[in-house]
Structures are given as structure tokens and as C-alpha cells.
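Colleague: Quick one: sequence and predicted model below, then my questions.
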Amino acid sequence: MKKWVIQFFAALSFCACSGQTVSKTIPEKLDEYMTALSGAYKFNGVVLVARQGTVLLKKGYGWKNAAAQEASDVNGIFQIGSLTKPFTAEVILKLEEQGKIALDDKLSKYFPDYPKGDRITIENLLTHTSGIPGYDVEESDTIAWTPVTKEQVIGLFRNQPLEFKPGKKYKYSNAGYFLLGMIIEKVTGKSYEASVRELIFQPLQMLNSGFDFIHLEDLRKVTGYAVLNAGEQRPVHLVDSTVSYAAGAMYSDADDLYKWAVSIARQQILSASIWKRAFTPFKSNYGYGWFIDTLSGHDYAGHSGGIMGFTSYLAYFPGEDVTIILLNNFLNEREPLSLPVQDLAAIVFDKPYTIYTEKKKADISLSALDSYTGQYALSPKLKRMMVISKGSDGLQASLNGRVISTLVFQSDTRFQFKNIPNSGGEFIVQDGKVIKMVISQNGVYEWIRIKE
């Protein structure tokens with residue numbers, strides 16, 4: 001599982017159900033929805049939703065520190081993981097605007113001895129099309145708990161073969177953004193952190209944002225959890241900022257991230273033409289540091305973050321000037337969490353959504369589970385593939401080789417995705433053979449079984 005990015009589940013073009021109360025205002029609906037999620041331990045942290053300069057919801061849910069019985073409040077400071085990447089991209093684009101770099105510069109210009117560096121451009125690093133293998137760490141990796149040198153981190157991927165020809169494919173890679181941080185340092189003669197502060201934090205007065213979360217001494221600092229539910233609360237081992245660096249080291253709060261979103265809406269820091277380029281998809285709907293897609297029929301740019309004990313998401317809808325910020329302080333490696341951006345967007349845009357309720361788990365035979373495994377393709381776009389396979393907790397769904405969720409059955413054929421609110425599906429059997437999987441959440445989509 002990626003530790004510094006939790007890919008937004010709506011990338012599957014999943015579906016949704018209806019169930020909102022017409023008489024309630026949008027802020028009331030947003031609060032009711034998040035309260036239900038928090039009560040079921042599907043979210044714990046801070047939510048900020050704004051439209052055209054008006055904050056519709058800003059509220060803390062659950063626990064800031066469960067052991068101390070400190071409730072979450074809107075001032076909590078969280079690690080944001082891979083939500084760091086758009087900041088790194090913004091600094092790179094500012095340096096380009098200043099004429100200090102070019103996006104077609106080769107990696108070898110800055111690291112002459114980097115293997116095949118003459119084939120990889122800065123643009124490849126920005127868009128995850130470099131072919132450089134990614135690197136992740138587990139919570140149990142003690143190397144991640146204390147400071148490391150950049151050479152130690154680069155050693156994790158430097159001499160590995162490229163996974164594909166640069167520019168030909170997309171594959172998310174923390175390594176590429178680690179290298180971008182080092183390029184920033186070479187070009188500016190300053191630390192990566194200093195450049196982000198000078199170019200973004202200081203102009204926007206982002207006073208509660210920084211990088212070294214482990215050593216942050218602030219009463220607003222939130223405790224991160226590996227497990228957080230009614231029966232167990234286990235704080236996590238934090239990742240040192242030298243390990244995550246330009247790929248995922250930042251911490252922030254909801255107000256600072258909203259200041260940043262407002263600056264993007266007003267096209268500050270960068271020129272309008274460069275912001276337009278940043279929000280133009282390169283491959284697999286990824287631009288320069290941003291995922292570009294649609295939700296509830298509206299275009300948005302967003303990025304997720306996941307690092308030990310924390311998950312985050314920021315989505316900005318430029319056409320409607322809507323911002324959604326989610327800061328959550330738990331991340332269980334065995335149970336990936338999807339943040340509910342899709343349903344919050346549905347509420348704001350007056351589209352169908354459903355208040356979260358727990359569904360009863362049904363017993364299902366091993367032979368039935370075996371019959372559902374295989375490869376499924378989203379019709380008619382057969383290039384989008386999902387694999388259903390057996391895992392330790394039953395059947396699991398994977399995209400691009402990454403497990404995204406576990407299937408929880410309510411009957412022999414019907415299921416929901418674990419930790420994916422209001423998601424559901426059904427395997428369709430014809431003449432004793434599974435022919436497709438129908439998934440619903442904001443629509444109905446058929447995944448055709450193409451291989452057992």
C-alpha cells in the first residue's frame with residue numbers, strides 16, 4: 001500500500017445512492033454526513049468545505065488525542081503526506097517561471113552520474129512518467145523513525161532499472177518527487193523547506209505549516225493512530241521528515257490549506273498560464289502535481305495524502321470555486337481508508353448521496369469466493385482494469401497492482417467495499433458463470449469479467 005498517497009476512490013468512476021433530506025441546508029447536510037462517518041470510526045479529524053469564499057463547514061470530529069480524551073477541533077495540525085507534492089510542484093513551476101530551470105531539462109543536468117538521467121526530464125518527475133521505481137516504508141521500518149541522509153533514500157531506488165521508457169507511461173512514484181526536492185536545493189542554493197517557506201508559506205501567511213512534525217512543539221499538534229476505533233486506539237510511529245521529504249513531509253492545518261486553495265483560485269504565486277498547464281492532465285489524469293478529474297459532473301483538481309497515522313485530501317473545483325479539505329488522523333496499513341470527497345461534493349452540488357450506515361456481513365462459501373476472482377474491465381474503456389483476488393481478509397480489489405479495498409458481502413452476490421462509504425456492488429452470474437461485476441456509487445458501472 002502506498003504510504004504517502006491514498007488514491008481517491010472516485011478514480012474508479014464508482015457510483016452512488018440517494019437519501020438526503022431536502023429540508024436541510026447544505027451546511028446541515030455536510031455536518032450530518034460527517035457526524036455519521038465519525039460515529040462509525042470511518043473519519044476522525046477536521047473538515048473544511050467552502051464555496052465562493054463562504055465557509056460552509058469547518059469542524060472537528062472524533063478525537064485529537066483519544067487517551068487524553070481531547071476532542072478534535074478546527075485548529076488541529078496534521079501531517080498531510082503526499083499532499084506535499086503539489087507544493088513541491090508549485091515551487092518547481094515558480095523556478096521555471098523565473099527562468100532558473102526548464103521542464104525539459106534532463107535529470108543528468110543536476111545529477112550527472114544518475115543512471116539514465118539523460119533520458120529523464122523534470123516534467124517526467126512532475127507527472128510520474130519517469131519510470132523510476134517508487135519507494136515506500138512500513139510503520140515497522142525503524143529506519144523511517146530517525147533522520148537519514150538523502151543518499152540513503154536515493155540508494156533505495158537509484159540503481160534499480162527503469163520500469164518503462166520515460167514519458168511513455170504513468171506510475172506514481174515518491175522517488176520522482178524526492179529528486180525534485182533535491183533539484184530545488186541545487187537551483188536555489190537553499191534547503192527545500194526554506195524554498196517552500198519563502199515562495200508559498202510566507203506570502204500566504206501559512207503560519208501553522210512546516211515539515212518536522214516529530215519535533216513540532218505545539219498544543220494544536222494532533223496524535224496520529226495506526227488503529228483508532230471503539231475497541232482499540234494505538235498511536236503510530238511517526239515517519240521522520242528526512243525520509244518523506246519533498247514527497248510527503250509537510251504538516252498543516254485546515255485554515256492554512258484553505259489559504260493555499262484561495263491563492264490557487266486567485267491564480268497567485270504562479271501566472272494564470274502556468275496554473276492552466278499545472279491543471280492539464282499529462283497521463284492517467286495527472287498534471288503537474290495534481291490529479292485532474294470530475295466529480296458529480298464538475299471538474300476538479302485534487303491530491304490525497306497518506307503517511308503513518310494520517311490521511312488527507314484537498315479538492316478544488318475551479319468552475320464553481322468550491323474547496324473541500326479533509327484531515328484525518330488514523331491510517332491502518334491493513335485497512336486502507338478512502339476519504340469521502342465524492343459524497344461531500346455531491347452534497348455541495350445537490351446530487352444524490354447516502355448517510356453512512358453499517359451493513360451486516362454475510363457468510364459466504366469458499367467456493368463462491370473462488371468463483372469471483374479474476375480480471376475485470378470497465379466497459380467500454382477496457383484499459384481500466386480491476387483484479388479481484390483472495391487476501392487474508394477475504395476478497396480484495398486491486399488497481400495497477402495496488403490493493404484498494406476488501407469486499408464485505410451482504411449476500412452470496414452483493415457486497416460493499418470496506419472503508420469506502422456508501423459503495424456497493426454485485427457479481428452477476430449467468431448459466432452458473434460469473435460474467436460481470438456491477439458497482440454503484442454516483443451511478444452504475446459494469447466491469448466485464450475478461451479472465452478468471
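Modeller: That came through, no problem. What you are looking at is a predicted structure, and each value in this text was computed from that prediction instead of being measured.
Colleague: which ones are touching Lys451?
Modeller: Counting by Cβ atoms under 8 Å, 6 or more residues apart in numbering, Lys451 touches 374-375. To be clear about C-beta, it is placed using only N, CA and C from the backbone, and glycine gets the same treatment.
Colleague: Look up the residues forming beta bridges with it.
Modeller: On the basis of DSSP bridges, Lys451 is bridged to Gln375.
Colleague: And the residue lying closest to Thr84 once chain neighbours are set aside, how far from Ser263?
Modeller: Nearest residue to Thr84 in three dimensions, chain neighbours excluded: Met250, at 4.1 Å (Cβ to Cβ, 6 or more residues apart in numbering). Computed as Cβ to Cβ, to the nearest Å, the Met250 to Ser263 distance reads 16 Å.
Colleague: And these two? Which one has more around it.
Modeller: Applying other Cβ atoms under 10 Å to Met250 and Ser263 shows that Met250 carries more neighbours, namely 32 against 17.
Colleague: Wait, a strand at Gly425?
Modeller: Yes. Assessed by DSSP: H, G, I helix; E, B strand; the rest coil, Gly425 belongs to a strand.
Colleague: ok, it touching Ser411?
Modeller: No. In terms of Cβ atoms under 8 Å, Gly425 does not count as a neighbour of Ser411; the distance is 11.4 Å.
Colleague: Have a look at the two and say which one is more surrounded.
Modeller: The neighbour comparison of Gly425 against Ser411 (other Cβ under 10 Å) goes to Gly425, with 22 against 10.
Colleague: Identify the bridge partners of that one.
Modeller: Under the criterion used (DSSP bridges), Gly425 bridges to Phe415, Ile439.
Colleague: And the helices in the stretch 201-350 of the chain, which stretches?
Modeller: Ranges of helices within the stretch 201-350 of the chain are 202-204, 241-248, 254-265, 272-278, 341-348, based on DSSP state H, counting those that start in this stretch.
Colleague: Out of the ones you listed, which gets nearest to Tyr135?
Modeller: Comparing the helices of the stretch 201-350 of the chain by their distance to Tyr135 (Cβ to Cβ), the top pick is helix 241-248, with 8.7 Å.
Colleague: what about the strands in the stretch 151-300 of the chain?
Modeller: 225-228, 233-235, 251-252, 291-295, 298-307 (DSSP state E, counting those that start in this stretch).
Colleague: Remind me what the longest one packs against, helices and strands.
Modeller: It stands for strand 298-307. helix 241-248, strand 291-295, strand 310-317, helix 341-348 (3 or more Cβ pairs under 8 Å, 6 or more residues apart in numbering; DSSP states H and E).
Colleague: Compare the ones you listed and give me the one nearest Ser108.
Modeller: By Cβ to Cβ (comparing all of the helices and strands packed on strand 298-307), the closest turns out to be helix 241-248, at 19.3 Å.
Colleague: what's the spacing between the closest one and its chain's center?
Modeller: Distance, stretch centre to chain centre, for helix 241-248: 16 Å (Cα atoms, centre = their mean, to the nearest Å).
Colleague: Quick one: list the elements packing against that helix.
Modeller: Secondary elements touching helix 241-248 (3+ Cβ pairs under 8 Å, 6+ apart): helix 85-97, helix 150-154, helix 174-188, strand 298-307.
Colleague: TSV for the ones you listed, including mean neighbour count?
Modeller: Putting the helices and strands packed on helix 241-248 into TSV (neighbours: other Cβ atoms under 10 Å) gives the following:
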stretch	mean neighbour count
helix 85-97	23
helix 150-154	15
helix 174-188	22
strand 298-307	24
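Colleague: Using CSV, lay out the ones you listed together with distance to Asp255.
Modeller: CSV is the format used below for the helices and strands packed on helix 241-248 (distance: least, Cβ to Cβ, whole Å):
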stretch, distance to Asp255
helix 85-97, 16
helix 150-154, 31
helix 174-188, 25
strand 298-307, 17
